[in-house]
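Participant: fold the following.
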Amino acid sequence: MSDRPIILGIVGDSAAGKTTLTRGIAQILGAENVTVIGTDDYHRYDRIQRAELSITALHPDCNYLDIMQQHLALLRNGQPILKPIYSHTTGTFDAPQYVKPNKFVIVEGLLGYSTPGVRDCYDVKVYLAPPESLRTIWKIQRDTLKRGYTQAQVVTELQKREPDSAQFIRPQRQWADLVVSFYPSSHESDLSNSLLNVRLVLRPTISHPDLSAVLVSDDGDLPPAIRLNLDRDMGKPVDVLEVDSHATYENIRRLEQIICADMPDLLQVCDRDANPTLGAITGTTGETLQSYPLALTQLLITHYMLKATQAHQ
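Facilitator: Numbers count the residues shown, from 1 in each chain. Next up is the predicted model:
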């Protein structure tokens, strides 16, 4: 189908930053053009049942992966679905929702790459892999502030989930076209999102923009704030793009222009004056902060989606 939806997968462990990244990309593409699907909605058991059965939400047996695969295949073909709804607030299920796919579909969750059939439904696959120490802090902050847990409860749940994280969640990294790792800029404990660097593993499974120009630094004797290197990830050769939080606007502007150069639909997005919210995040006290590493990550993923659109026209 030349007009079928373009499907992006964003997979990662709990509190890895999936929803933050999803919202930013949806904003660039236009909310009216995007359907967002959360794979947590395909849980088989509610919170009380999981506790009674001593099973975590990360285990495949705790999820209707077959129904999820069927629904993604329908969405890929432009067909509507009757999607289950899981409430993280109550830990129970709400009434199912009728969902029609828009031009773009973003699928985010824990087990989005868990079966070959599911993986075949995506045009672009992203995996989020922050350091575990940072993810722990994010999860404690989120679950205590938004989901009503105590810190002790969150820590206990993390310990309970760790075997399933290691067995079922982290191995999905191997299927991603892009692995995104935000990490602190120093060994200090200041974990404000605005101060996070990003490391992007670019796999040869999709076509990447020519980023070789970032190998040239204008910073004189200073280490470049943007680096492109060859490396290996899970034993396979990859390109790795790193962007430091202290990169200047001039550093970032050059890379943004490279990403947007062959994408007319992105040129307006790359206009900072027209898009002041690009890479914007909300700080811990409610203020709006600007993260260049996040902005570049959002742009790069959007670039892949628009490229996929061109390929199917």
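Participant: backbone dihedrals for residue 290, please?
Facilitator: phi -110, psi 120 (degrees, to the nearest 10).
Participant: now residue 182
Facilitator: Dihedral angles (degrees, to the nearest 10) for residue 182: phi -80, psi 140.
Participant: neighbours of the residue nearest to it when sequence neighbours are not counted, how many?
Facilitator: Spatially, and ignoring its direct neighbours in sequence, residue 182 is nearest to residue 196 (4.4 Å; Cβ to Cβ, 6 or more residues apart in numbering). Backbone N, C-alpha and C define where each C-beta goes, glycine included. Burial of residue 196, expressed as a neighbour count using other Cβ atoms under 10 Å, amounts to 23.
Participant: for residue 196, name its beta-bridge partners.
Facilitator: Per DSSP bridges, the residues bridged to residue 196 are residue 184.
Participant: contacts only, for the closest residue to residue 164 other than its chain neighbours.
Facilitator: Leaving aside its chain neighbours, residue 164 sits nearest to residue 58 (3.9 Å; criterion: Cβ to Cβ, 6+ apart). Residue 58 sits next to 13, 14, 110, 111, 161, 164, 165, 168, 169 when contact means Cβ atoms under 8 Å, 6 or more residues apart in numbering.
Participant: about what we covered before: so the residue nearest to residue 182 touches residue 183, yeah?
Facilitator: Yes: in this structure, residue 196 is within contact of residue 183 by Cβ atoms under 8 Å, at 6.3 Å.
Participant: tabulate the contacts of residue 58 (TSV), appending secondary structure, distance to residue 308 and pLDDT.
Facilitator: Below are the contacts of residue 58 laid out as TSV (DSSP: H, G, I helix; E, B strand; the rest coil; distance: Cβ to Cβ, whole Å; pLDDT from 0 to 100):
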residue	secondary structure	distance to residue 308	pLDDT
13	coil	26	97
14	coil	28	94
110	coil	24	97
111	coil	23	98
161	helix	33	96
164	helix	31	98
165	helix	30	97
168	helix	27	98
169	helix	25	98
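Participant: going by neighbour count, which of those comes out on top?
Facilitator: Most neighbours among those, by other Cβ under 10 Å: residue 110, with 29 neighbours.
Participant: gap between that residue and residue 122?
Facilitator: 15 Å (Cβ to Cβ, to the nearest Å).
Participant: check residue 199 too.
Facilitator: Residue 199 is 22 Å from residue 122, by Cβ to Cβ.
Participant: go on, residue 62?
Facilitator: According to Cβ to Cβ, residue 62 stands 22 Å off from residue 122.
Participant: so those two - more neighbours on which side?
Facilitator: Shown here are residue 62 and residue 122; by other Cβ under 10 Å, residue 122 has more neighbours (24 against 21).
Participant: tell me the pLDDT at that one?
Facilitator: With respect to pLDDT, residue 122 has a value of 98.
Participant: for the nearest residue to residue 131 once chain neighbours are set aside, give me its contacts.
Facilitator: Once flanking residues are discounted, residue 131 sits nearest to residue 183: 5.5 Å by Cβ to Cβ, 6+ apart. Residues near residue 183 by Cβ under 8 Å, 6+ apart: 130, 131, 134, 196, 197, 198, 199.
Participant: still on that earlier bit, pLDDT wise, what is the residue nearest to residue 182 at?
Facilitator: We have a pLDDT of 91 for residue 196.
Participant: list the contacts for it?
Facilitator: Residue 196 makes contact with 182, 183, 184, 185, 245, 291, 293, 294 under the criterion Cβ under 8 Å, 6+ apart.
Participant: repeat for residue 35
Facilitator: 5, 75, 99, 100, 101, 102, 104, 105, 106.
Participant: show me the contacts for the closest residue to residue 87 other than its chain neighbours.
Facilitator: In this structure, residue 87 finds its nearest non-sequential neighbour in residue 94, 5.5 Å apart by Cβ to Cβ, 6+ apart. Shown in contact with residue 94 (Cβ under 8 Å, 6+ apart): 85, 86, 87.
Participant: now those as JSON lines including pLDDT, distance to residue 153 and neighbour count?
Facilitator: JSON lines is the format used below for these (pLDDT from 0 to 100; distance: Cβ to Cβ, whole Å; neighbours: other Cβ atoms under 10 Å):
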{"residue": "85", "pLDDT": "98", "distance to residue 153": "24", "neighbour count": "13"}
{"residue": "86", "pLDDT": "97", "distance to residue 153": "19", "neighbour count": "19"}
{"residue": "87", "pLDDT": "95", "distance to residue 153": "18", "neighbour count": "13"}
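Participant: lovely, talk soon.
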